[in-house]
Structures are given as C-alpha cells and as structure tokens.
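Undergrad: Take a look and give me a structure for this.
(chains A and B)
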Amino acid sequence: MALNILVVDDSKIMRSVIIQTLRMTGLPLHEVREAGDGKEGLEILRKEWVDLVFLDLNMPVMGGLEMIGHLQTDPDLPEVPIIVVSTESSQTRIDALVTNGIHFVHKPFTPEDVRAAIADLIGEVSHGDEGIDPGVGDPGSF
Amino acid sequence: METKESILASVIQEVFETMAFEVAVSPEDAPPDEGSHVQASLSFEGPLCGRVHLRLPRSSIPALAAQILGREDGNPIPEAEALDALCELTNVMGGNLLAAVAGPQAVFDLHPPTIEPDAPPAERSREGLSVDVARIPFAWGWASVYLVVDRSPAPRGVSVSGGAGLAEARRERE
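TA: Sure thing, here's the model as predicted:
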C-alpha cells in the first residue's frame, strides 16, 4: 500500500530533501504533505489520514517536541508513527527521544537510513501490500 | 591520532556526498581556488563557543543547490532559494562537526546560518581564538570549512533560542 506521509520542518529546503530522499527509497508513496511548523502539522493530522510523520525539532510557532506532546495527550489526534529528522548530535538528547518511543534519523541521511527507519517503525512496506493495519508495528508510546 | 583538520575533512566529505551527491576529487583535478566566493556562517554555544564558516566558489552554488533540492529539470533556481540550500548544508555540517570534535555527549546550541556574499577568507588563529581549516577539492572548486573556537569563556547571561531554523534567519535578515 502506498504511504501517506507528512513532513514537518520550517525549512522548505529540508522538506524538499526529505521528500527527494523518500522518492529515492523506492517505497510506494501516495500523498506527501508538508507543514512549516508543529501547529500546521497538527492541523493536517486532524483532517487527513497520515501513515507516517517526519518531524524536525527546532521550528518556530510550535516545535517538534511540543507537537509530540499534543499528539500524546490530545485524544482527538490520531496515533501516528513519528520519525524525528534532526542535526541533533547530543546523545543525551537523542536517548531522551528514543526512550519516549520516538525514532530518530540524523542529518545527513541516505535513502537507506530512511528506509531502515521506516521499516523499523511500521514494518516493511512494498508495492502491492494490502494496507497498513493501524495495530501493526509500534507507533511509539503515544 | 586524528587531527582536527582530518576530522573536519571527513565531515565535509560525508555531508557533501550525502546531501549534494558530490564526491571529492584529487587536488590536481579541481579548478584553482580563485574568483568570487560566498560564505555561510553559523555561531554556536556550548562546551565550546565560536563559529563555523563554509566558503564556496560563487559559481558552484546553482548546481549544488539543484542537487541538494533534487531539481533535474534544468530550470534556474532563484538565488534566495539556492542560498537557503547553502545555509541548510552549513547547518547540517555545523552540527556534525561539533559532534565529531566535542564528542556525542556534548550539547550545543546552533544559531541559524547567515550568508556573506563577498566574504574574504575567514579568521586566523590568534591569542584567544583557535581556527582549524579543511579544504576539500571538488570538480567545481574548493570547499573550505573553518571551525573557529573562542578560547575565552562565553559571557554570562547569554540566552540561546536553541534553534537553527531558516525561517528565523530569514526574519532576522528582513
């Protein structure tokens, strides 16, 4: 089944890079939506079905951690797998994310890095899959 | 033991290869490092304080930006967008450089990169300032990265937003 993906990053450049890399993974993509900050991201999640979110941490208006907080506490928001994409290099900060069930991909990333993170999070996805059972895979500790 | 220059060189090559699909060439295969240059700079605070500068030939920017953005249609990329791509490259490079130099437990705050369109070569080492440089040859010219570390402690009361978002940089430029 083709994936519906949301890319949340205040940098239009980085959103392009993530989307380009997603295309290079060879994974089936249906719709890729973009948001410039966490608030826009949440608005999209309230209205559209999304299989996976790629999320930056440092953004204006609402950052990545605050967006994750809303997803964890607001019952009207869907449980959705999240991959944080960041230049964050502090192992302390990364460990804190991983402990909370957040998957992390460090910039710069290759298509292989992204594909492995997606497989780790939601299982292998290939063309012709019946679909993603929301109960399959670990969407994180939301 | 790895020198800081070799660490810088290794990070530069990894970032260029992964983000821009550019592989270093032999020095003799790179054009001379002359002509107009553009420099992207960011400042950082943490266990070390200072700046990272990435200096590139101006002529290389459009093609590099096209590769970073995955634009294969041959249409020219607006200069502002190309410079944003350079800033993003610098942002990623800065984060990786600092982790490589200071170790994975170090916590840094990086400020959004800014562009200096006609930058002269960056700072030189002097008392109170340490400058490490790496220059990598590519088919389009030389990429120079300067890691500038202030040897004096950061002033007290410095408040850092902790972000390196380009939106913030654009607001600061306007």
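Undergrad: On the C-terminal side of the helix or strand bottoming out on mean pLDDT in chain A, identify the next helix or strand.
TA: Least confident helix or strand of chain A, by mean pLDDT, DSSP states H and E, is helix A:91-99 with a mean of 80. Sequence order places strand A:103-106 as the next helix or strand after helix A:91-99, per DSSP states H and E.
Undergrad: Show me what counts as buried in that following strand.
TA: For strand A:103-106, the neighbour count (16 or more other CB atoms under 10 Å in any protein chain shown) marks A:His103, A:Phe104, A:Val105, A:His106 as buried. All C-beta spots, glycine's among them, are computed from the backbone N, C-alpha and C.
Undergrad: what packs against it?
TA: For strand A:103-106, the contact count by 3 or more CB pairs under 8 Å, 6 or more residues apart in numbering or on different chains; DSSP states H and E identifies strand A:82-86, helix A:91-99, helix A:111-122 as packing neighbours.
Undergrad: Can you point out the buried residues in the second one?
TA: So the one you mean is helix A:91-99. Neighbour-count burial for helix A:91-99, counted by 16+ other CB under 10 Å, picks out A:Ile94, A:Leu97.
Undergrad: what kind of secondary structure is A:Glu40 in?
TA: For A:Glu40, the assignment made with DSSP: H, G, I helix; E, B strand; the rest coil gives helix.
Undergrad: pull the longest helix from chain B.
TA: Counting by DSSP state H, the longest helix found in chain B is helix B:79-102.
Undergrad: next SSE after that helix?
TA: Heading C-terminal from helix B:79-102, the first helix or strand you meet, by DSSP H and E, is strand B:109-110.
Undergrad: moving C-terminal of that following strand, what's the next helix or strand?
TA: Following strand B:109-110 in sequence order, the next helix or strand is strand B:114-116 (DSSP H and E).
Undergrad: For that next one, name the packing helices and strands.
TA: strand B:37-45, helix B:79-102, helix B:166-173.
Undergrad: Need the residues that contact the first one.
TA: Counting contacts by CB atoms under 8 Å, 6 or more residues apart in numbering or on different chains, the residues outside strand B:37-45 that touch it are B:49-58, B:61, B:83, B:86-87, B:89-91, B:94, B:98, B:108-119, B:122, B:154, B:158, B:160, B:164.
Undergrad: How about stretch A:47-56?
TA: With contacts defined as CB under 8 Å, 6+ apart, stretch A:47-56 is touched by A:3-11, A:14, A:18, A:31, A:33, A:38, A:41, A:44-45, A:64, A:67-68, A:78, A:80-86, A:105, A:118, A:121-122, A:132, B:165.
Undergrad: circling back to that earlier point, the least confident helix or strand of chain A close to chain B?
TA: Yes. Residues of helix A:91-99 contacting chain B under CB under 8 Å from any CB of the partner chain: A:Gln91, A:Thr92, A:Arg93.
Undergrad: tell me how far stretch B:95-112 is from the chain's mean position?
TA: 13 Å (CA atoms, centre = their mean, to the nearest Å).
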